[in-house]
Each structure stands twice: as structure tokens, then as C-alpha cells.
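Chemist: Pasting the sequence and the predicted coordinates here, then a few questions.
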Amino acid sequence: MNAFRLAAGATLASFLVAAVPAQAGTSLVIDASSGAVLSSENPSQAWHPASTTKMMTLYVALKAVRDRKIGLETAIPASKRAASQPRVKVYIRAGQEVTLDNAIRIMMVKSANDIAYVIAEGVGGDVESFVGMMNAEAQRLGMRDTVFVNPNGWHHPDQQTSARDLAVLAMALMSEFSDYSEYWNTGAVQLGKQVLKNTNGLVGRYYGINGFKTGFVCASGFNVVATASRGGRTLITVVLGAHSGAERTVKAAQLLDDGFGKWGGLGTTVNSLPSGNGGRAYSICDTVRRGGSAMGDDTETSGPITFSTSQGVGGNAEGTSDRFAVGAPQSGVGGSVLTRSPSGRITLGPRAPLATVPVAFGRTPASASAPLAANVVAKPETQVARETIQPGAPVAAGLVGGSAGRTQSANGAIPARSSAFAATAPGDEVQPPSNAFGSGPLRLQGAVQAGAATPASLRAGAAAGIKPAGRNAAKPLLTKPAKDKAKPAPAKAKPSTALVKPPARPVPAAAKPDA
């Protein structure tokens with residue numbers, strides 16, 4: 001009997017250990033060109049993606065552009081559903097339009113939930129159809145642990161992914177859409193008078209950072225997918241489940257340092273990593289709340305980032321990795337941008353000035369010749385393009401494989417030798433080759449340009465309302481009740497006749513001008 005109880009207790013204990021994963025989160029570092037795994041920590045553990053979901057929203061949108069189903073200059077009207085999404089958002093109003101180009105920039109830099117819904121409706125016609133497209137692409141890419149429920153990452157218990165799957169998605173974006181790399185490496189955008197900085201704390205702090213995406217909901221903790229290039233190598237790191245924004249940023253920097261500091265890896269590739277066990281992502285919200293960190297993904301500061309830890313997370317800042325298999329150091333790459341005090345405080349320096357790209361709501365001149373948005377085609381009564389534009393018409397510019405080549409125009413892309421990134425060491429500023437993944441961070445054609453509204457951007461008949469002849473229609477207003485008498489009469493009107501009241505409404509004696 002005692003033996004049976006001991007065996008049963010051991011079985012229950014092992015079950016509980018398996019059912020409750022460690023609170024340390026999950027991470028992965030891979031070589032972006034080969035997919036070789038350099039380090040990993042529970043890479044297939046189911047996790048809530050939060051706003052890293054928007055990477056798939058971007059992928060589906062760019063694929064639609066490549067397939068000529070929508071254009072970068074297509075004007076997408078915002079629905080009430082999109083406008084009502086919770087923050088983080090830029091408060092686009094229902095009925096306002098935004099081009100796909102500007103919408104993508106805002107979504108990737110600010111992580112705006114309302115704009116993610118605008119993109120989904122503009123590309124898929126409605127959110128449900130777009131989510132179906134997201135899941136279809138996830139299956140095609142081999143993202144075996146991923147299920148999407150919405151396009152912006154707002155928390156849903158069924159929406160989950162893994163570090164492995166997000167690394168696969170990052171590789172797909174970089175290899176298939178390298179011409180559009182500006183969308184994920186822009187430091188800041190300016191919308192009206194407001195400058196919105198990238199929520200990725202590595203941008204402007206870590207040398208060679210090429211961008212990608214952060215995410216936060218309480219259930220997931222602080223997530224980040226980041227990519228950086230040094231000495232001709234490009235790495236991708238994924239950190240899921242950090243307990244603060246500072247921890248997320250510092251840990252990602254250390255993992256990148258660790259990867260750049262060695263050749264080779266663990267002898268496997270990201271595609272050969274096993275899938276998860278089919279379990280559901282669990283919530284770490286209670287742990288995150290107890291940490292006392294700012295509960296949001298848009299609270300990044302411009303100053304240094306400091307994180308105190310008693311557990312090492314690897315990286316050149318600590319000499320050799322204390323968690324991952326030690327590989328041969330990479331010659332010519334050293335001098336971590338991280339500093340560590342004897343007490344264990346790890347600091348990543350202040351943010352350098354960021355290049356800012358102007359964005360705006362509304363149409364651009366090229367919108368008149370761009371295909372209709374899918375939500376406009378589905379609802380003809382809300383069409384916003386001219387009647388002469390037919391659904392499926394080719395995009396005038398900015399398509400991969402189009403007849404016109406891309407140009408490196410000065411529309412806001414980060415230059416090759418930008419001061420926005422901290423160097424690894426004085427004089428050691430090795431830039432990645434310009435032909436990495438087929439091209440470097442090229443500028444996009446058709447970016448928004450400042451200018452006044454044109455007749456083509458006005459509603460039909462709207463111009464008639466400002467013609468001088470339209471002033472004659474104001475005369476009937478003079479017959480309104482006495483409370484409107486204070487309005488000045490037109491110059492051509494005679495006071496003796498303009499102020500005469502209808503017979504049914506006698507004018508008081510004191511109000512007669514001829515008395």
C-alpha cells in the first residue's frame with residue numbers, strides 16, 4: 001500500500017511539473033540565412049504572441065501587394081469596428097481613410113491595434129476572412145504551434161504561437177520581402193504633430209539592429225522578435241515572457257551578443273526543431289503584475305535601460321555564456337554594447353536620435369490609380385475610389401517584380417551608416433553586405449508626400465459648396481425666427497425689406513426699424 005501511494009505521489013508530482021512550465025519564458029537565436037539554431041530555451045513552448053501577431057498581418061498584406069490584389073497607395077476606409085479597438089491605438093475615426101503604405105508604417109512602429117484592423121479589412125474584406133488567411137499562411141510556412149484569432153494580438157486565450165514559429169515567420173519576411181525591410185526597421189514616424197517612436201528598445205541602442213516587432217499583453221509578458229547584422233552575418237532572436245520592457249530589451253541584446261560571439265550552433269535548424277506538445281499557452285499575468293513594471297508596450301524611454309538579475313542570460317557582457325553551449329568566438333566581433341556592474345546591474349546605453357518618417361491619414365495622389373480595398377469592393381455603397389477604377393487594376397508602382405525598378409529615394413529609410421545604432425567598439429563598425437537576402441533596406445516608392453488636397457481627393461460635388469455662386473442660397477435664412485436677426489445681412493439686401501416678418505408672426509413694435 002505504501003509503495004502504491006509513493007508511486008501515485010511521484011506520478012502526480014511529475015504531472016504537475018509537466019503541466020506548469022518554468023516561469024523563465026522561452027527564447028531562441030538562429031542564423032537568418034541558414035536557419036541554424038545557435039541557442040534555444042523551450043523554443044516550442046506555447047505562448048501568447050501579443051503584438052508580434054502583427055508580423056503575420058504584415059506578411060499577408062505584403063503578399064497581397066505582391067499578388068497585385070491591393071496597392072501600397074490603396075486608400076482603406078476605417079470601419080467602426082476598427083476604430084473601436086483598444087489601445088495602443090492612434091484613434092483613427094470611422095470613415096477616415098489611410099493608405100496601406102502609411103497604415104503598415106504606423107502599425108509596425110507604434111503597434112497600433114486600430115490600424116491592424118484597418119489593414120485586415122482592407123486586404124481581406126473583413127477581419128474573419130483575413131484571420132483565415134493568416135492561419136493558412138502559418139500552416140504553409142510550417143508554423144506548427146500557431147493559431148491566430150485576430151490580426152492585432154489583443155489577448156485571446158486561443159491565440160498562441162512559439163519562439164520557433166516566430167523565428168520562421170521572421171525568416172520568411174526577410175527572404176521574401178527584403179525590398180520592404182524599411183517597414184520593420186523604421187525608428188519613428190510622425191503623425192501630425194506627434195512623433196511615435198519604435199516600441200523595440202533595441203532600435204537606436206544596439207549596433208546593427210534591423211528591427212522587427214515587440215508585443216505585450218499581461219498574459220504573455222513582454223515579447224520581442226529582433227534581427228541584427230554584424231560582420232556579414234544576420235541573426236534573429238526571439239524572447240517571450242520577459243517580466244518588464246527593460247528585461248526584454250537587455251535579454252535580447254545579450255542573446256544577440258552571445259550569437260555573434262561564436263560560430264556554429266547546436267547542430268540543428270529552426271525547421272527541424274520539434275513542435276510543441278499541443279498544450280495551450282498559459283498566462284503569466286500574476287507574475288508580471290507582482291513585478292511592478294509599467295503595464296504597456298509603448299512606455300519605452302530614450303535614456304539608458306538597466307536590468308538587475310541574479311541569473312545570467314548569456315552574452316559577451318558576461319564573458320562566456322553561462323546557459324548555452326559555448327562555441328568558438330567569432331574573430332573581429334567583440335566589445336559588447338552592454339555594461340555590467342559588480343552588483344549584477346546590466347545597462348544598455350541611451351537611445352540615439354531616430355530617423356523619422358512622415359505619415360498621415362487620407363489619400364495620396366497615387367491613390368486614384370490604385371486598386372480598391374477589399375472592404376470597399378465588398379460594400380459598393382462605401383466605395384472611395386473613382387468610378388473609373390476597376391477592382392484588380394494593377395498598382396502603378398512599388399510592386400515586387402514590377403516593370404519599374406525600385407529607387408533609393410530619400411523618403412525616410414535608415415541610411416547604411418546611420419548614427420542611430422551604437423557601435424560594438426570604437427572604429428569597429430562593420431556593416432552587413434548590401435546584398436543580404438537579395439538587397440539591403442531599400443526605400444519604398446510611393447511614400448506619402450506633403451501637399452494640399454486636390455479635386456480628385458474630394459467627394460463628388462463637394463467643390464460646388466465653395467463656389468461664389470453658392471452664396472445666394474443663404475438668403476432664405478433671413479426668414480428664420482427673431483433669434484437669428486443678429487446675423488449681419490448680405491450687403492445687397494435692403495434693411496427695410498430684409499427684416500420684414502411673415503404675416504403669421506407679427507413683429508413687436510419695439511423691433512420695427514422704421515418706427
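Modeler: Done, it's in.
Chemist: If you drop the residues flanking it in sequence, what lies closest to residue 247?
Modeler: Spatial nearest neighbour of residue 247, chain neighbours left out: residue 307 (5.1 Å); criterion: C-beta to C-beta, 6 or more residues apart in numbering. Using the backbone N, CA and C atoms, a C-beta is placed for each residue, glycine as well.
Chemist: quick one: which helix or strand includes that neighbour?
Modeler: Counting by DSSP states H and E, the element that carries residue 307 is strand 305-308.
Chemist: hang on, residue 143 in a helix?
Modeler: No. Residue 143 is assigned coil when assessed by DSSP: H, G, I helix; E, B strand; the rest coil, not a helix.
Chemist: mind checking pLDDT for it?
Modeler: If you check residue 143, the pLDDT there is 96.
Chemist: sorry, back to before: who touches the strand holding residue 307?
Modeler: The contact list for strand 305-308 (C-beta atoms under 8 Å, 6 or more residues apart in numbering) reads 201, 205, 244-247, 249-251, 343-348.
Chemist: what comes up buried for it?
Modeler: Under the neighbour-count criterion of 16 or more other C-beta atoms under 10 Å, strand 305-308 has 305, 307 buried.
Chemist: Any stretches of the stretch 151-300 of the chain with poor pLDDT?
Modeler: 292-300 (pLDDT under 70).
Chemist: need the strands for it, in chain order.
Modeler: Secondary structure of the stretch 151-300 of the chain (DSSP state E, counting those that start in this stretch): strands at 188-191, 194-197, 209-217, 221-230, 233-242.
Chemist: Show me the strands paired with the last one, marking each as parallel or antiparallel.
Modeler: By that I understand strand 233-242. According to DSSP bridges, strand 233-242 has the following sheet partners: strand 26-31 (antiparallel), strand 221-230 (antiparallel).
Chemist: Distance to residue 113 for those - can I get that in JSON lines?
Modeler: Putting these into JSON lines (distance: least, C-beta to C-beta, whole Å) gives the following:
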{"stretch": "strand 26-31", "distance to residue 113": "24"}
{"stretch": "strand 221-230", "distance to residue 113": "15"}
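Chemist: Quick one, which of these gets closest to residue 114.
Modeler: strand 221-230 (20.3 Å; C-beta to C-beta).
Chemist: Please work out the angle formed by the directions of the closest one and strand 209-217.
Modeler: Angle, strand 221-230 to strand 209-217, by axes from the mean of the first three to the mean of the last three C-alpha atoms, to 10 degrees: 170 degrees.
Chemist: got any ranges where the stretch 1-150 of the chain has weak pLDDT?
Modeler: Using pLDDT under 70, the stretch 1-150 of the chain drops low at 1-24.
Chemist: List the contacts of residue 288.
Modeler: By C-beta under 8 Å, 6+ apart, the neighbours of residue 288 are 218, 221, 222, 243, 295.
Chemist: please redo it, this time with the cut-off set to 10 Å
Modeler: With contact taken as C-beta atoms under 10 Å, 6 or more residues apart in numbering, residue 288 is in contact with 23, 216-222, 241-244, 295.
Chemist: Serialize those to a markdown table and add fields for distance to residue 228.
Modeler: Supplementary listing: the contacts of residue 288 in a markdown table, determined by distance: C-beta to C-beta, whole Å:
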| residue | distance to residue 228 |
| --- | --- |
| 23 | 27 |
| 216 | 21 |
| 217 | 25 |
| 218 | 28 |
| 219 | 28 |
| 220 | 23 |
| 221 | 22 |
| 222 | 18 |
| 241 | 21 |
| 242 | 18 |
| 243 | 23 |
| 244 | 21 |
| 295 | 27 |
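Chemist: just curious, which of the residues you listed is nearest to residue 153?
Modeler: For the contacts of residue 288, the nearest to residue 153 is residue 217 (7.1 Å; C-beta to C-beta).
Chemist: Apart from its chain neighbours, what residue comes closest to the closest one?
Modeler: Per C-beta to C-beta, 6+ apart, closest to residue 217 is residue 155, 4.1 Å.
Chemist: Surely the one you found and residue 220 touch.
Modeler: Yes. Between residue 155 and residue 220 there is a contact at 7.5 Å, judged by C-beta atoms under 10 Å.
Chemist: Show me the common contact partners of these two, please.
Modeler: In contact with both residue 155 and residue 220: 48, 49, 50, 283, 285, using C-beta under 10 Å, 6+ apart.
Chemist: so how far is residue 220 from the fourth one?
Modeler: To residue 220, residue 283 is 8 Å away according to C-beta to C-beta, to the nearest Å.
Chemist: Kindly check the end-to-end length of stretch 91-99 for me.
Modeler: 16 Å (C-alpha to C-alpha, to the nearest Å).
Chemist: Mind picking the two most distant members of the shared contacts of residue 155 and residue 220?
Modeler: 49 and 285 (15.1 Å).
Chemist: If you count surrounding residues, which of the two has more?
Modeler: residue 49 (29 against 16; other C-beta atoms under 10 Å).
Chemist: Kindly indicate whether residue 63 is helix, strand or coil.
Modeler: Under three-state DSSP, residue 63 comes out as helix.
Chemist: Spatially nearest residue to it, not counting backbone neighbours?
Modeler: residue 137 (7.2 Å).
Chemist: quick check, that neighbour in a helix?
Modeler: Yes. Counting by three-state DSSP, one finds residue 137 located in a helix.
Chemist: From residue 130, how far off is it?
Modeler: 11 Å.
Chemist: Find residues that contact each of these two.
Modeler: In contact with both residue 137 and residue 130: 60, 148, using C-beta under 10 Å, 6+ apart.
Chemist: hmm, back to that, for residue 357, find the nearest of the strands of the stretch 151-300 of the chain.
Modeler: strand 188-191 (5.1 Å).
Chemist: rewinding a little: so who does the residue nearest to residue 63 touch?
Modeler: Going by C-beta under 10 Å, 6+ apart, the list of residues near residue 137 reads 56, 59, 60, 63, 143, 146, 148, 169, 172.
Chemist: residues touching residue 29, list them.
Modeler: 36-41, 43, 163, 167, 226, 235-239, 252, 255-256, 258-260, 265-266, 314, 324.
Chemist: Going through these, which ones are buried?
Modeler: Looks like the contacts of residue 29 have 36-41, 43, 163, 167, 226, 235-239, 252, 255-256, 258-260, 265, 314, 324 buried, using 16+ other C-beta under 10 Å.
Chemist: Sitting in helices, which of those do you find?
Modeler: Counting by DSSP state H, those place 163, 167, 252, 255, 256, 258, 259, 260 in helices.
Chemist: Mind putting those residues into TSV with distance to residue 190?
Modeler: Formatted as TSV, those follow (distance: C-beta to C-beta, whole Å):
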residue	distance to residue 190
163	33
167	32
252	26
255	32
256	29
258	36
259	34
260	33
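Chemist: And the residues you listed, which is closest to residue 231?
Modeler: So of these, ranked by how close each gets to residue 231 (C-beta to C-beta), first place is residue 260, at 7.4 Å.
Chemist: thinking again about what came up before, residue 70 is nearest to which of the strands paired with strand 233-242?
Modeler: Once those are compared by C-beta to C-beta, strand 221-230 is nearest, at 24.7 Å.
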